[in-house]
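Student: any chance you can model this:
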Amino acid sequence: MVAVGGLTQSLEPAEWSSRGHWVDISTMAEGVRSTYVEGEEHPLIDPQPDKFPRDPWAVWSGTSFAAPQVAGAVAEVAQRQGVSPRAALDRLLAGGREVPNYGRAVRILPRT
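Tutor: Have a look, this model is predicted:
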């Protein structure tokens, strides 16, 4: 099991992220460009609702956008270097810098 935290685009702690001595690794979780769904925002949520076409993109923030980056990076390192997932994680961790309560900070995606 790996505990993941979220960082800002500058790889600094995100105040809203899960954190603690148990977090192993963190990566950018603020302003992450990802897919969205077709449709229109509800006017009760946004008085000027946006409409999203087919196959849209949006910018998101949240620890849930950091965790799949770490999982994908572990899988990529394991496949490319022919190592176990645990060894791949160890290699990612070795390249990061320690951030108290956020584990090791690693950049996986570029800043947006």
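
Student: the closest residue to residue 64 other than its chain neighbours: neighbour count?
Tutor: Leaving out its chain neighbours, the residue that sits closest to residue 64 by C-beta to C-beta, 6 or more residues apart in numbering is residue 29, at 7.9 Å. Every residue, glycine included, has its C-beta placed from N, CA and C. Using other C-beta atoms under 10 Å, residue 29 has 26 neighbouring residues.

Student: which ones are touching residue 29?
Tutor: When contacts are counted by C-beta atoms under 8 Å, 6 or more residues apart in numbering, residue 29 touches 5, 6, 7, 14, 17, 61, 62, 63, 64, 65, 66.

Student: now, which of those residues sits nearest residue 35?
Tutor: residue 65 (11.2 Å; C-beta to C-beta).

Student: how close does the closest residue to that closest one other than its chain neighbours sit to residue 101?
Tutor: Setting aside the residues directly before and after it, residue 65 is nearest to residue 32 in space (C-beta to C-beta, 6+ apart), at 4.3 Å. To residue 101, residue 32 is 21 Å away according to C-beta to C-beta, to the nearest Å.

Student: between those two, which is the more surrounded one?
Tutor: Using other C-beta under 10 Å as the criterion, residue 32 and residue 101 rank with residue 32 on top: 21 against 14.

Student: surely the more buried one touches residue 63?
Tutor: No - with contacts counted by C-beta atoms under 8 Å, residue 32 stays clear of residue 63, the gap being 10.7 Å.

Student: fine by me, thanks again.
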